[in-house]
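[1] Generate coordinates for the sequence data below:
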Amino acid sequence: MDELSAAVIAGASPDVLEGLPVPAEYNAAYLRTEDIGIFSGVEDKDVRKSIHLGKVPMPELAPDEVLVAVMAAAMNYNTIWSATFEPLPTFNFLRHYGKQGGWAARHDQPYHVLGSDAAGVIVRVGSGVRNWKIGDHVAVATAHVDDQEPLTQHDGMMGDEQRAWGFETNFGGLADYAVVRASQLLPKAAHLTWEEAASNPLCAGTAYRMLVSERGANMRQGDVVLIWGAAGGLGGYAVQFVRNGGGIPIGIVSSDQKAEVARKLGCELVIDRREIGEISADPDVTVATGKRLGKIIRREIGEDPNIVFEHVGRETFGLSVFIARRGGTIVTCGSSTGYQHTFDNRYLWMRLKKIVGSHGANLYEQYQANRLIQRGRVMPMLSEVYPFHETGEAARMIQLNEHLGKVGVLCLAPASGLGVTDPALRAQIGEDRISPLMTA
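    Take a look at the predicted model:
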């Protein structure tokens, strides 16, 4: 282990950290360009075969960046897309970005360091960074934006140069160190451990924008919100935001265990997918299933959903359009079952419904979501933690959908449970509330 990493783990002062050299190489989970074709003609694209662990060169910092010693990271499905090289190799993103030249050229490498969620300690700051300093404990938001683009000043997610950090950029969070723009930084919640803090930014920020932001569904008090995958990472945050905002969350889940989690998070109604029969992109099946689902919701809640929280994609999208009430909103951020959606447009146009596309969250939305996390109003959806040397196994668990909520990875942190700097607040909130999935 290098001197700087050892000092971070020991809790050294900012002065000590500043005086130690940055290592020339660091440990990372990465892909290689030479592996792009390894899954050609293979049915089971096992990501353990494409995710490598080992040393990569330390990049130079741009003036608006910081170097974070990563204590813990978290898995997201974009790592699975990267590691299966689908729908296209992420090296294409890095190559395209690198063509800008200047600091962007660093990202075009024959390796891609993965990871879009992280928490750690700042060990270096670029010459243009003002509001952050060495020694700060931070969580990393995912949106990598160009603050000199006009549209970024309107909404960071609208700029042409907006990218998902660690997916469309290099030097991500599944590593001992990560290169992060200052505009991605959030103060780490002091009552959370490193792994709990790392599990929040991508999914919590995404769910906040989808539901609470005026750029998403703009949820109001009393809104009935149907949430697909309510016990998952994204869905679990959605349930909490709906409850906090005075809405009525309805969760759809796929097992008894997940139903228990959804109730614990605060769903007023939990529906097992098995109750409503076949779910399919077939239009005739969609209408029949939609009628059964609508009957259950009206019987138990008394009205149809104002908002449908959609991220499953092809399998469920037609049903989501069908089930939303007249004038309702379907807000979507993903398509894990396929990008080509089929739905009966009559149920959209004749009933005046809206489809809202949502992607990530801008820094202000991330800040607002993080503020709720810092105050103990939103809890981490962390369910399991892997050591760094088992990063491939953690990714495989996500790939096979064998997980609940978020899966964490310890990077420099030598054990789980470290990083809490406000134990009084943690005790006040309560361990079982802070980690609802860890105690499920």
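
[2] Show me where the stretch 201-350 of the chain has its helices.
    Secondary structure of the stretch 201-350 of the chain (DSSP state H, counting those that start in this stretch): helices at 201-211, 233-244, 256-265, 283-300, 314-323, 346-349.

[3] Would you mind finding the most buried of those?
    Of all the helices of the stretch 201-350 of the chain, helix 201-211 has the most neighbours on average by mean count of other C-beta atoms under 10 Å, namely a mean of 29. To be clear about C-beta, it is placed using only N, CA and C from the backbone, and glycine gets the same treatment.

[4] With just CA atoms, put that helix into PDB.
    Extracted C-alpha coordinates of helix 201-211, given in PDB (Å, rounded to 0.1, in the frame of the first residue of the first chain):
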ATOM      1  CA  PRO A 201     -25.700   9.600  -5.000                       C
ATOM      2  CA  LEU A 202     -26.700   8.000  -8.300                       C
ATOM      3  CA  CYS A 203     -30.000   6.400  -7.300                       C
ATOM      4  CA  ALA A 204     -31.100   8.900  -4.800                       C
ATOM      5  CA  GLY A 205     -30.400  11.800  -7.100                       C
ATOM      6  CA  THR A 206     -32.100  10.100 -10.000                       C
ATOM      7  CA  ALA A 207     -35.200   9.300  -8.000                       C
ATOM      8  CA  TYR A 208     -35.300  12.900  -6.600                       C
ATOM      9  CA  ARG A 209     -35.300  14.400 -10.100                       C
ATOM     10  CA  MET A 210     -37.800  12.000 -11.400                       C
ATOM     11  CA  LEU A 211     -40.400  12.600  -8.700                       C
END
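
[5] For the helices of the stretch 201-350 of the chain, please prepare TSV with the additional fields distance to residue 52 and mean pLDDT.
    Output for the helices of the stretch 201-350 of the chain, formatted as TSV (distance: least, C-beta to C-beta, whole Å; pLDDT from 0 to 100):
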stretch	distance to residue 52	mean pLDDT
helix 201-211	23	97
helix 233-244	25	95
helix 256-265	32	92
helix 283-300	42	92
helix 314-323	31	92
helix 346-349	45	92
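
[6] would you turn those helices into CSV with distance to residue 379?
    Shown next, in CSV, are the helices of the stretch 201-350 of the chain (distance: least, C-beta to C-beta, whole Å):
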stretch, distance to residue 379
helix 201-211, 10
helix 233-244, 7
helix 256-265, 8
helix 283-300, 25
helix 314-323, 26
helix 346-349, 35
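
[7] Any idea which of the ones you listed gets closest to residue 134?
    Residue 134 lies closest to helix 201-211 among these, at 21.1 Å (C-beta to C-beta).

[8] Remind me what the closest one packs against, helices and strands.
    helix 233-244, strand 307-310, helix 363-374 (3 or more C-beta pairs under 8 Å, 6 or more residues apart in numbering; DSSP states H and E).

[9] longest single strand anywhere in this protein?
    Longest strand of the chain, by residue count under DSSP state E: strand 65-74.

[10] ok, then the element right after that strand?
    Toward the C-terminus, strand 65-74 is succeeded by helix 77-84 as the next helix or strand (DSSP states H and E).

[11] how about that following helix as CSV, C-alpha atoms only?
    These are the backbone C-alpha positions of helix 77-84, laid out as CSV (Å, rounded to 0.1, in the frame of the first residue of the first chain):
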residue,chain,number,x,y,z
TYR,A,77,-26.3,-1.3,-13.6
ASN,A,78,-24.2,0.9,-15.9
THR,A,79,-21.2,-1.1,-14.8
ILE,A,80,-22.9,-4.2,-16.2
TRP,A,81,-23.5,-2.5,-19.5
SER,A,82,-19.9,-1.4,-19.6
ALA,A,83,-18.6,-4.9,-18.7
THR,A,84,-20.8,-6.7,-21.3
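
[12] relative to helix 77-84, how tilted is the helix or strand following that helix?
    Sequence-wise, the next helix or strand downstream of helix 77-84 (DSSP H and E) is helix 91-98. Per axes from the mean of the first three to the mean of the last three C-alpha atoms, to 10 degrees, the angle that helix 91-98 makes with helix 77-84 is 100 degrees.

[13] Next, the buried residues of helix 91-98.
    For helix 91-98, burial by neighbour count (16 or more other C-beta atoms under 10 Å) applies to 91, 93-94, 97-98.

[14] Make TSV from the helices and strands packed on helix 201-211 and add distance to residue 425 to it.
    Listed next are the helices and strands packed on helix 201-211 as TSV, based on distance: least, C-beta to C-beta, whole Å:
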stretch	distance to residue 425
helix 233-244	18
strand 307-310	29
helix 363-374	9
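
[15] Which of the ones you listed sits closest to residue 174?
    Smallest distance to residue 174 across the helices and strands packed on helix 201-211 (C-beta to C-beta): 16.0 Å, for helix 233-244.

[16] Extract the C-alpha trace of that closest one and format it as CSV.
    Output in CSV follows, covering the C-alpha atoms of helix 233-244 (Å, rounded to 0.1, in the frame of the first residue of the first chain):
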residue,chain,number,x,y,z
GLY,A,233,-32.0,0.7,-5.2
LEU,A,234,-33.8,3.2,-7.3
GLY,A,235,-37.3,2.2,-6.2
GLY,A,236,-36.4,2.3,-2.5
TYR,A,237,-35.4,5.9,-2.7
ALA,A,238,-38.5,6.7,-4.7
VAL,A,239,-40.7,5.2,-1.9
GLN,A,240,-39.0,7.4,0.6
PHE,A,241,-39.3,10.6,-1.4
VAL,A,242,-43.0,9.9,-2.0
ARG,A,243,-43.6,9.4,1.7
ASN,A,244,-41.6,12.5,2.7
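
[17] List the contacts of it.
    76, 199-200, 203-204, 206-208, 210-212, 219, 223, 225, 227-230, 248-249, 251, 261-262, 265-267, 309, 311, 333-334, 372, 377-379, 381, 405-406, 436-437 (C-beta atoms under 8 Å, 6 or more residues apart in numbering).

[18] again, only using 7 Å
    Residues outside helix 233-244 that contact it (C-beta atoms under 7 Å, 6 or more residues apart in numbering) are 203-204, 206-208, 211-212, 219, 225, 227-230, 249, 251, 262, 265-267, 309, 311, 372, 377-379, 381, 405-406.

[19] Same check on stretch 385-400?
    By C-beta under 7 Å, 6+ apart, stretch 385-400 touches 29, 46-48, 51, 53, 75, 77, 79-80, 83, 174, 195, 403, 407-411, 416.

[20] Contacts only, for residue 88.
    No contacts exist for residue 88 under C-beta under 7 Å, 6+ apart.
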